[in-house]
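Asks: Sequence unavailable; structure follows:
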């Protein structure tokens, strides 16, 4: 396992994750959907007090994903492996986070579908970036 490349892949994935998150959530009509549920989601103002926790959590998550990717058996091109990995993570995230939250949180179907689409795209591209950056020894 090439640990420097794992770190580089995790860093690149973190950057892409946050850039896409800004575009797909804060810079889209989904922002208004979140605002419809002030009892469920924090306001931008109250997020300022806890955002470092989210950064640490996502960096740790990206390191975990890059390590998981590095453990895969290297078959196919890095691009295809990255896309397949991203697809698996996207399906996992939509099922375990988005749909699960639809059941547990009092949110509407429109927000759930919007999150499912946005997270699917986001995780698919994060997997692609990890595959593009990571190279075994």
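Replies: Ah, there it is. Keep in mind that this is a model prediction, so the values were computed, not measured.
Asks: C-alpha only now, for contacts and for neighbours.
Replies: Noted.
Asks: Distance from stretch 99-115 to the middle of the chain?
Replies: Averaging C-alpha positions (CA atoms, centre = their mean, to the nearest Å) puts stretch 99-115 17 Å from its chain's average.
Asks: do stretch 39-58 as well
Replies: Taking the mean of its C-alpha atoms, stretch 39-58 sits 16 Å from the chain's own mean (CA atoms, centre = their mean).
Asks: List the buried residues for it?
Replies: Taking 16 or more other CA atoms under 10 Å as the neighbour-count basis, stretch 39-58 is seen to contain the buried residues residue 58.
Asks: For it, give me every contacting residue.
Replies: 14, 34-35, 105-106 (CA atoms under 8 Å, 6 or more residues apart in numbering).
Asks: Could you report the separation of residue 36 from residue 114?
Replies: Distance, residue 36 to residue 114, by CA to CA, to the nearest Å: 14 Å.
Asks: wait, residue 79
Replies: Distance of residue 79 to residue 114, computed by CA to CA: 26 Å.
Asks: Between residue 36 and residue 114, tell me which one has more neighbours.
Replies: Between residue 36 and residue 114, counted using other CA atoms under 10 Å, residue 114 has the larger neighbour count: 18 against 13.
Asks: Show the backbone phi and psi for the more buried one.
Replies: phi -60, psi -40 (degrees, to the nearest 10).
Asks: check contacts around it.
Replies: Counting by CA under 8 Å, 6+ apart, residue 114 touches residue 30.
Asks: again with the one 10 residues further on
Replies: For residue 124, the set of contacting residues under the criterion of CA under 8 Å, 6+ apart consists of 83, 85-87, 89-90.
Asks: which of those tops the neighbour count?
Replies: Highest neighbour count within the contacts of residue 124: residue 86, with 26 neighbours (other CA under 10 Å).
Asks: Tell me the first helix or strand C-terminal of the helix or strand where it lies.
Replies: Using DSSP states H and E, residue 86 sits in helix 78-93. Scanning forward in sequence from helix 78-93 by DSSP H and E, the next helix or strand is helix 100-104.
Asks: who's in contact with that following helix?
Replies: The contact list for helix 100-104 (CA under 8 Å, 6+ apart) reads 108-109, 112.
Asks: Pull out the buried residues from whichever helix or strand residue 18 is part of.
Replies: Following DSSP H and E, one finds residue 18 within helix 3-21. Neighbour-count burial for helix 3-21, with 16+ other CA under 10 Å as criterion, is recorded at 5-17, 20-21.
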